[in-house]
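In: Sequence plus predicted model, see below.
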Amino acid sequence: MPIQKLPGHLVNQIAAGEVVERPASVVKELVENSLDAGARAISVDIHAGGSKLIRVRDDGAGIPADEIRLALDRHATSKIASLEDLEAVVSLGFRGEALPSIASVSRLSLCARTAAAENGWQAEADNGVIGDLRPVAHPAGCTVEVRDLFYNTPARRKFLRAEKTEFGHIDRWLRRLALARPDVAFSVTHNGRSVLDLRAAGDSDSRLKRLARICGADFAAQAVHLERAEAGIAVTGWIALPTYNRSQPDLQYWFVNGRSITDKTLSHAVRHAYRDVLFHGRYPAYVLYLSMDPATVDANAHPAKLEVRFRDARQVHGFVAQAVEVALRDTRPGAHGATPVSRQSLNRGIFQQAPIRLDVREALAAYATPAAPAMEEAAEPAAAPEFPPLGFAIAQIGGTYILAENNQGLIVVDMHAAHERILYEKLKKSYDEGRVVSQPLLVPLSVTVSEREAELAEDARELFARAGLALGRAGPTSLLLRETPALLRRVDAETLLRDILADLVESGSSDRIETIINEVLATMACHSSVRAHRAMTIPEMNTLLREMEVTDRADQCNHGRPTWTSITLAELDRLFLRGQ
């Protein structure tokens, strides 16, 4: 075939192949347009999973009558006007191809009115052909109806799944957008039945309630609020306690400058922060918002705008990992809702008291009623004692668990798991303070790599040095390893080096050495902690409890298992049917 210019309608249908993957893609594009228009309330009506009808109404700025037909033209937008605008885009949409692409594979109707106009105007497009404008009664804002999606592209329509499946994709996207903009009200119906009705959330309490509606009450109950800003980057949101983990990454939401995205750099940063508190193969849950200079983020990196590209991915990774890790340090008894205990409490004499024991005769005597000629005036009840978060030890059971009492009720502690976390944190701190100790290899190790890997290793020489690896370049494709960390003397040095280089090629950074060192320290802590069936005295138990209260991440052991749990007095009353 000779080279020829494609017809405009065919161009739109090709673009639709990238923008309109399924009905959920249409809903995403239309709702994002509503958000860009400043809408405060958005309603979405779906029929037959979106294949029959998608209707999106908003109360935004609307579209002037003389711009409605233009809005349906290819690459027409009000959101950017120059390359500078594109490089610092702040709107969710900006390419001007969503509406014409959708119109090319459906029957589309667009009604809009600005606040200053006396009436609204409607334009219809069938198979990409735009009809004449006509006046309609319409409130300020915009309504877009998309009917019979893919009716003119039967091959695309065959790839649609069952109605329930397609609406499931729509529902997930709408929940993402509702999380992105808690200040906007959302209402959603499917086949005439209300599915989601969310009011605008202005304060922190209402946002948390909205979070519970979207992500579940269990997530909201175990969510820790995170907020950190540094060097022009800010991250806010909620991360779930490690005990609330998932079998798959289905409850992980990232929003960059208000845009819902998926990003390997951000996901890896959070996974890195959770590395010491999760079982292998489990996933954390979180809803996080990253704000930064739009000029440092490329929002034009994906056809459907589902991914972004950072100018300095290493800086973003480090900032996010540190922010989440700092928030997780407070996952210890007393950090959320109770008063933390200072290390001075470890030396208080009360923890050295021996348990009080009564023999049978003394116990019976304690219940005897003394004979008295007259009832004395009742003394005022003593004030309830002040308990630390984990209370005071009262017994050991099964040689494994410590039983303690606090103001709320009963505390049960896995002594081995708790001691393991305490020792692990101390070992990490000692290792960090002592810096990485390197040991020279008897014979320097020559490793052959690709030229690109050799250049990366040379550029990252400072990173290797901080990790205890003395590395030099012996040729275009040859590296010479002279020193390795002393703690990793039994690790295959060549494999370690190649794995680090693979990380650098993939993401521009590597935490592999730190991970391996932490695994060694965790093993040392596990082998050094108190074993099961080891009898402990009451003072020893109390000392362990106080150490837990001042140890970072003490709610979980190094393998992600919980170290303690509580049973409230109300729960105990229910067990014994008290008050019923």
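Out: Everything's here; your move.

In: got any ranges where this structure has weak pLDDT?
Out: For the chain, residues meeting the criterion pLDDT under 70 lie at 15, 336-385, 434-436, 507-509.

In: center of it, which residue is that?
Out: Central residue of the chain (Cα atoms, centre = their mean): Tyr286, 2.4 Å from the mean position.

In: ok, and the closest residue to that residue other than its chain neighbours, which helix or strand is that part of?
Out: Leaving aside its sequence neighbours, Tyr286 sits nearest to Ile239 (Cβ to Cβ, 6 or more residues apart in numbering; 4.4 Å). From N, CA and C alone the C-beta is placed, and that goes for glycine too. Element membership of Ile239, judged by DSSP states H and E, is strand 233-240.

In: show me where the stretch 1-150 of the chain has helices.
Out: Ranges of helices in the stretch 1-150 of the chain, per DSSP state H, counting those that start in this stretch, are 8-19, 23-36, 68-71, 83-87, 98-103.

In: Looks like Arg199 contacts Ala185 (just checking).
Out: Yes: using Cβ atoms under 8 Å, Arg199 is in contact with Ala185, at 5.4 Å.

In: Have a look at the two and say which one is more surrounded.
Out: Taking neighbours as other Cβ atoms under 10 Å, Arg199 and Ala185 compare with Ala185 leading, 18 against 15.

In: so how far is Ser206 from that one?
Out: Here the criterion is Cβ to Cβ, to the nearest Å. By it, Ala185 lies 11 Å from Ser206.

In: okay, and the common contacts of the two?
Out: Common contacts of Ala185 and Ser206 (Cβ atoms under 8 Å, 6 or more residues apart in numbering): Arg199.

In: Quick check: can you name the pairing partners of the next helix or strand after the strand holding Ile239 and their directions?
Out: Using DSSP H and E, the helix or strand that follows strand 233-240 in sequence is strand 252-256. Counting by DSSP bridges, the strands paired with strand 252-256 are strand 259-261 (antiparallel), strand 286-291 (parallel).

In: what's the most buried one of the ones you listed?
Out: strand 286-291 (a mean of 22; mean count of other Cβ atoms under 10 Å).

In: Can you pull out the residues in contact with the helix or strand following that one?
Out: Counting by DSSP H and E, the next helix or strand C-terminal to strand 286-291 is strand 297-298. For strand 297-298, contacts defined as Cβ under 8 Å, 6+ apart pick out Val256, Asn257, Val308, Arg309, Phe310, Arg311.

In: nearest residue to Ala313 other than its sequence neighbours?
Out: Closest residue to Ala313 apart from its sequence neighbours, by Cβ to Cβ, 6+ apart: Thr265 at 4.8 Å.

In: which residues sit in contact with that neighbour?
Out: Per Cβ under 8 Å, 6+ apart, neighbours of Thr265: Phe310, Ala313, Val316, His317, Ser507.

In: what do you get for Ala535?
Out: The contact partners of Ala535, by Cβ under 8 Å, 6+ apart, come to Gln396, Gly399.

In: how much space between it and Leu390?
Out: In terms of Cβ to Cβ, Ala535 sits 20 Å off from Leu390.

In: Quick one: residues contacting the residue nearest to Tyr286.
Out: Ala223, Val224, Leu226, Val270, Pro284, Ala285, Tyr286, Leu288, Val324, Ala327, Leu328.

In: Going by distance to Thr551, which of those residues wins?
Out: Leu328 (12.5 Å; Cβ to Cβ).

In: Now do the SS call for that closest one.
Out: Leu328 carries the three-state label helix when classified by DSSP: H, G, I helix; E, B strand; the rest coil.

In: Buried residues in the longest strand seen in the chain, which are they?
Out: Criterion DSSP state E: the longest strand present in the chain is strand 438-448. Residues of strand 438-448 classed as buried: Ser438, Val447 (neighbour count, 16 or more other Cβ atoms under 10 Å).

In: That one: partners in the sheet, and parallel or antiparallel?
Out: With DSSP bridges as the test, strand 438-448 is paired with strand 478-485 (antiparallel).

In: wait, what's in contact with Ile102?
Out: Residues near Ile102 by Cβ under 8 Å, 6+ apart: Ala16, Val19, Val20, Val26, Glu29, Leu30, Leu108, Val146.

In: for Pro284, same thing?
Out: Ile239, Ala240, Pro242, Asn245, Arg246, Gln252, Val270, Arg271, Tyr274, Leu278.

In: With Thr551 as the reference, measure out to the first one.
Out: Using Cβ to Cβ, Ile239 is found at 19 Å from Thr551.

In: Let's verify Val324: helix, strand, or coil?
Out: Of the three states, Val324 takes helix under three-state DSSP.

In: Arg271 is in contact with that one, correct?
Out: No: if you go by Cβ under 8 Å, Val324 and Arg271 don't touch, sitting 9.5 Å apart.

In: Looking at those two, which is more packed in?
Out: Using other Cβ under 10 Å, the more surrounded residue of Val324 and Arg271 is Val324, with 25 against 16.

In: For Thr114, see how far away Ile68 is.
Out: In terms of Cβ to Cβ, Ile68 sits 11 Å off from Thr114.

In: Tell me which of those two has more neighbours.
Out: Ile68 (20 against 17).

In: Could you find the closest non-adjacent residue to that one?
Out: Using Cβ to Cβ, 6+ apart and skipping residues adjacent in sequence, the residue nearest Ile68 is Ala123, 4.9 Å away.

In: same question, Arg228
Out: Ala323 (4.1 Å).

In: Now for the one you found: which residues touch it?
Out: Leu226, Arg228, Val235, Ala273.

In: In TSV, list those along with neighbour count and secondary structure.
Out: Output for those, formatted as TSV (neighbours: other Cβ atoms under 10 Å; DSSP: H, G, I helix; E, B strand; the rest coil):
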residue	neighbour count	secondary structure
Leu226	20	strand
Arg228	15	strand
Val235	24	strand
Ala273	22	helix
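
In: Out of these, which comes closest to Pro100?
Out: Pro100 lies nearest to Val235 out of the contacts of Ala323, by Cβ to Cβ, at 36.2 Å.

In: so how far is Lys158 from the residue nearest to Ile68?
Out: According to Cβ to Cβ, Ala123 stands 30 Å off from Lys158.

In: So between these two, which is more surrounded?
Out: Neighbour count, other Cβ under 10 Å: between Ala123 and Lys158, Ala123 has more, with 22 against 8.

In: Please give me every residue in contact with that one.
Out: Here Ala123 is in contact with Ile68, Arg69, Leu72, Ser109, Leu110, Ile130, Gly131, Asp132, Leu133 (Cβ under 8 Å, 6+ apart).
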